[in-house]
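Asks: Sequence first, then the predicted structure:
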Amino acid sequence: MRNRSFNLPRDAPRRPEFIAEARRQEAERANAAIDAAGPQTCGRFSFDPGTGMITGPAEYMNSEDYTRRMAEITGGRDMLTNFGYSQHGDVIKAALVSLQTYYAAWAGMREFDRRLSA
């Protein structure tokens, strides 16, 4: 969800329910934008707004690396996702780009290790 600021008139009430309603409306607009965008894909990863599911390579998605990456993304600590979101404002695209980037590194290292072992 992108942070947006708005100016209230000086005499506007600043009650918690007013702020909560403004946040609810912002979340509703963000969810509508995600639904309107439809399914998104980046490399081997896809997001389906109908199910809210991300799909990708099973071997990676069943790994601890994927679990750690998703914890970083959902916790707001993934630098690549945060940077992408700051540049274009699409959190889904930013998360998919991050997953694809880290997957490529993960797969590359696995291939490197396989060749060293052979």
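Replies: Looks like it arrived, so ask away.

Asks: Okay, buried residues for stretch 68-85 please.
Replies: Judged by neighbour count (16 or more other C-beta atoms under 10 Å), stretch 68-85 contains these buried residues: Arg69, Met70, Glu72, Ile73, Asp78, Leu80, Thr81, Asn82, Gly84, Tyr85. All C-beta atoms are positioned from the backbone trio N, CA, C, and that covers glycine.

Asks: Tell me which of the residues you listed fall in helices.
Replies: Among the buried residues of stretch 68-85, the ones falling in helices (DSSP state H) are Arg69, Met70, Glu72, Ile73, Leu80, Thr81, Asn82, Gly84, Tyr85.

Asks: quick check, nearest of those to Met61?
Replies: Using C-beta to C-beta, Met70 comes nearest to Met61 of those, at 9.2 Å.

Asks: Could you pull up the residues touching the residue nearest the centre of the chain?
Replies: The chain has Ala95 as the residue nearest its centroid, 3.3 Å off, counting by C-alpha atoms, centre = their mean. For Ala95, the contact set (C-beta atoms under 8 Å, 6 or more residues apart in numbering) comprises Phe47, Ile54, Ile73, Asp78, Thr81.

Asks: distance of it from Ile19?
Replies: Counting by C-beta to C-beta, to the nearest Å, the gap from Ala95 to Ile19 is 27 Å.

Asks: list the contacts for Phe45?
Replies: Ile54, Thr55, Gly56, Leu96, Leu99, Gln100, Tyr103.

Asks: all strands in the protein, in order from the N-terminus.
Replies: Assigned by DSSP state E, the chain shows strands spanning 40-42, 45-48, 53-55.

Asks: got the buried residues for the longest one?
Replies: So that's strand 45-48. Those would be Phe45, Phe47, for strand 45-48 by 16+ other C-beta under 10 Å.

Asks: Pull up the pairing partners for that strand, direction included.
Replies: Strand 45-48 sits in its sheet next to strand 40-42 (antiparallel), strand 53-55 (antiparallel), going by DSSP bridges.

Asks: What mean pLDDT does it get?
Replies: In this model, strand 45-48 has a mean pLDDT of 92.
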